[in-house]
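# Make a model of this:
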Amino acid sequence: MKRLFRKYHRWLALIVLLPLSLTVITGMLATISQEWPINIGLGANFLLKLHTGEIFGLQAIYPILNGMGVIGLLVTGASMTGLFGRKTTSSTKSS
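Okay, here's the model as predicted:
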């Protein structure tokens, strides 16, 4: 079962790598450009449009897909840790 979850985790990670990276980086850069007096060469409005997926016309579904990707990675990653595995009890009788 762990092997199957590793396979799903690996494929899911490859699929969500670009959208999640884009979301994280543009979110940080938008905050920096708005709150700090640093000119990064990109406007905060452009960064926020990129951050929300509006620039691609995906603003309605982009956050849902990102969230589902993160939940999938959390589930497959947590299942591989062994924290939720079955506990086997050995029934030994002492004589």
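# Check the secondary structure at residue 42 for me.
When classified by DSSP: H, G, I helix; E, B strand; the rest coil, residue 42 comes out as coil.
# so what's the residue nearest the centre of the chain up against?
Closest to where the C-alpha atoms of the chain average out (Cα atoms, centre = their mean) is residue 70, at 3.4 Å. For residue 70, the contact set (Cβ atoms under 8 Å, 6 or more residues apart in numbering) comprises 16, 20. From N, CA and C alone the C-beta is placed, and that goes for glycine too.
# Use 57 as the first number from now on
All set: I'll call the first residue 57, so the last point we hit is now residue 126.
# Show the pLDDT at it.
Note on residue 126: pLDDT of 91.
# Can you tell me what sits against stretch 84-94?
Applying Cβ under 8 Å, 6+ apart, the contact partners of stretch 84-94 are 95, 96, 98, 99, 100, 103, 104, 107.
# separation between the nearest residue to the fourth one once chain neighbours are set aside and residue 64?
Which is residue 99. Using Cβ to Cβ, 6 or more residues apart in numbering and skipping the chain neighbours, the partner closest in space to residue 99 is residue 89 (7.5 Å). Distance from residue 89 to residue 64, counting by Cβ to Cβ, to the nearest Å: 37 Å.
# Between those two, point out the one with more neighbours.
Taking neighbours as other Cβ atoms under 10 Å, residue 89 and residue 64 compare with residue 89 leading, 20 against 15.
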